[in-house]
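S.K.: Sequence and predicted structure, then a few things I'm wondering about:
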Amino acid sequence: MKIDWWTLGIQTVNVAILVWLLKRFFWQPVATMIGQRRATTQKTLAEADEKRKQATAALAEIEKTRAGLTQEGEKVMAAAHCAGEQARSVRLAQAETDAAKLVATAKAAIEKESAVTEKEWAERSGQLAIEIAARLARRLNETSVRAAFLDWLLAEIRSLPEAERRAAAAAGTALEAVSATTLEPAEQERYSALIGKAFGVCPRIVFKVDPALIAGLELHGPHFTVNNSWRADLAQILADIRHGNRD
Amino acid sequence: MKSPLISVALFHLGPVPITAGVVTTWVIMAVMLLGGLLITRRLSLVPSPTQATFELIVDTVDGQIRDTMEVEPARYRAFIGTLFAFIFVSNWSSLVPGVQPPTAHLETDAALALLVFLAVIWFGLRAGGVRGYLATFATPSPIMIPLNFIESITRTFSLLVRLFGNVMSGVFVIGIVLSLAGLLVPIPLMALDLLTGAVQAYIFAILAMVFIAGAVGGAKPASDITSERTAP
């Protein structure tokens, strides 16, 4: 066994060249690529970590905002509740006012209607009373009734002021004596005498008949009228009732 | 069967005889260079399965350098990795019919051992300078200087003899069995020879790393070693 030194030298150079070639064309590029990938991975991890931190911060901000929104919502709800309560109170007060107005209006309408109804019924009562009085008067003794009304007429004339009596009698005009029923001539003369005596003079008296008087004897002059009949009395009563004077 | 102990020149380039082992080495070099070029032609950050496989190889070599030498692997990757790859491919080239592994010849193994010897000196000088490198021979005490010098030479020879003995014996055994027992009988032995070739490539690379680490670690200050160990 012997060593071929040429071969030893060539193989040494061969392996040295192979080391250099592979270093340049294999080991270095692959190692560089591994390094680049490692750097890229670390960069990506760093970015991911940064993104995660940002996301965590954003999440915290969102949680904070959400908490603020909840608080704000509670405030809004409280304000809305307060406003609602206020509006309800205002509406309630307004409704009470409106109801009071309606009640007052209704009361006024009812009172007005009651007054009208009362007046109507008073008028009807008056008419009924007139009818009742007329029927009763027809059943009474005419002579005594006439005598009573004659007395009341004479009393009325006597109660007139003296100047007014003399002025009525001195005028020369005829006075109208209106009765409910026709008077006999004799009675007319007697009535004329008594009326003249009451006036103190003898005025000319014309007798007329008006059944609407129901009963009574009225005297109408150019300047005065003596109402002395049930119609006048009932009319006065009715007027008093209408005006609320029931005395 | 041709004996691996005899290097027959295929042709001569002037006074230089070109043996079969040298030609095989050139072919292996061409194949490895072409493979490296093909692999690194389309490197990307998203690796293909092929790229991932070779990146795994590179990463494994780096890991071995880190674990064995306890330094960053960039400076030693090409030498250690190429040694391992060349010996591995050379040993397994016996799978090709008619091809004898270059490592079955003494000159190739001597060349590899010589390169390791030179690399130890080179990396030791780069790490600690002349004084630093020479100081490694005085560890653990100056008394050990002669022994360390002798050891630096004998361990180179041990590299040479170990690789040559294993590969050459494998070739011999397969050749003898093949000539005696026919076709199928040598197959288990060939498989064993492949295993031996891979293990020898690994052992050669590991021992080269140990020798270089001995020169580098002993040549430079302890603080440098610590900083290299803690570097990412």
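M.R.: That came in fine, so what should we check first?

S.K.: could I get the helix or strand of chain A with the lowest mean pLDDT in PDB with only the CA atoms?
M.R.: Least confident element among the helices and strands of chain A, by mean pLDDT, DSSP states H and E: helix A:162-170 (a mean of 73). What follows is helix A:162-170, C-alpha atoms only, in PDB (Å, rounded to 0.1, in the frame of the first residue of the first chain):
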ATOM      1  CA  GLU A 162    -157.100 114.300  44.000                       C
ATOM      2  CA  ALA A 163    -155.600 116.200  41.100                       C
ATOM      3  CA  GLU A 164    -155.500 113.100  39.000                       C
ATOM      4  CA  ARG A 165    -159.200 112.300  39.800                       C
ATOM      5  CA  ARG A 166    -160.300 115.700  38.900                       C
ATOM      6  CA  ALA A 167    -158.200 115.800  35.800                       C
ATOM      7  CA  ALA A 168    -159.800 112.500  34.700                       C
ATOM      8  CA  ALA A 169    -163.300 113.600  35.300                       C
ATOM      9  CA  ALA A 170    -162.900 117.100  33.900                       C
END
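
S.K.: So what touches it?
M.R.: A:157, A:160, A:175, A:196, A:198-203, A:221, A:223-224 (Cβ atoms under 8 Å, 6 or more residues apart in numbering or on different chains). To be clear about C-beta, it is placed using only N, CA and C from the backbone, and glycine gets the same treatment.

S.K.: Can you spell out which helices and strands pack onto the helix or strand containing B:N166?
M.R.: Using DSSP states H and E, the element containing B:N166 is helix B:145-181. Counting contacts by 3 or more Cβ pairs under 8 Å, 6 or more residues apart in numbering or on different chains; DSSP states H and E, helix B:145-181 is packed against helix B:106-135, helix B:186-219.

S.K.: Now render those helices as TSV, adding distance to chain A.
M.R.: Below are the helices and strands packed on helix B:145-181 laid out as TSV (distance: least, Cβ to the nearest Cβ, whole Å):
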stretch	distance to chain A
helix B:106-135	4
helix B:186-219	12
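
S.K.: For residue 146, give me the pLDDT.
M.R.: Unless you meant another one, I'm taking chain A. Listed pLDDT for A:R146 reads 80.

S.K.: actually it's chain B I care about, not the one you picked
M.R.: Model confidence at B:P146, given as pLDDT, is 90.

S.K.: what's the answer for A:L22, then?
M.R.: pLDDT at A:L22 comes out at 94.

S.K.: In contact with it, which residues?
M.R.: A:L22 neighbours (Cβ under 8 Å, 6+ apart): B:32-33, B:36, B:78, B:81-82, B:85.

S.K.: Please tabulate the residues you listed in JSON lines, including the columns neighbour count, secondary structure and distance to A:L102.
M.R.: Putting the contacts of A:L22 into JSON lines (neighbours: other Cβ atoms under 10 Å in any protein chain shown; DSSP: H, G, I helix; E, B strand; the rest coil; distance: Cβ to Cβ, whole Å) gives the following:
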{"residue": "B:M32", "neighbour count": "19", "secondary structure": "helix", "distance to A:L102": "113"}
{"residue": "B:L33", "neighbour count": "17", "secondary structure": "helix", "distance to A:L102": "113"}
{"residue": "B:G36", "neighbour count": "21", "secondary structure": "helix", "distance to A:L102": "108"}
{"residue": "B:A78", "neighbour count": "22", "secondary structure": "helix", "distance to A:L102": "110"}
{"residue": "B:G81", "neighbour count": "26", "secondary structure": "helix", "distance to A:L102": "109"}
{"residue": "B:T82", "neighbour count": "24", "secondary structure": "helix", "distance to A:L102": "113"}
{"residue": "B:A85", "neighbour count": "23", "secondary structure": "helix", "distance to A:L102": "111"}
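
S.K.: can you count the residues close to A:L21?
M.R.: As a burial measure, A:L21 scores 19 neighbours (other Cβ atoms under 10 Å in any protein chain shown).

S.K.: Skipping adjacent residues, who's closest to it in space?
M.R.: Closest residue in space to A:L21, ignoring its immediate chain neighbours: B:L33 at 5.2 Å, by Cβ to Cβ, 6 or more residues apart in numbering or on different chains.

S.K.: Please look at the one you found and A:F25 and confirm they touch.
M.R.: Yes - with contacts counted by Cβ atoms under 8 Å, B:L33 reaches A:F25, the gap being 6.5 Å.

S.K.: Is the strand or helix carrying B:I87 in proximity to chain A?
M.R.: Here B:I87 sits within helix B:77-92, counting by DSSP H and E. Yes - residues of helix B:77-92 contacting chain A under Cβ under 8 Å from any Cβ of the partner chain: B:77-79, B:81-83, B:85-86.

S.K.: Out of the residues you listed, which comes closest to chain A?
M.R.: B:A78 (3.3 Å; Cβ to the nearest Cβ).
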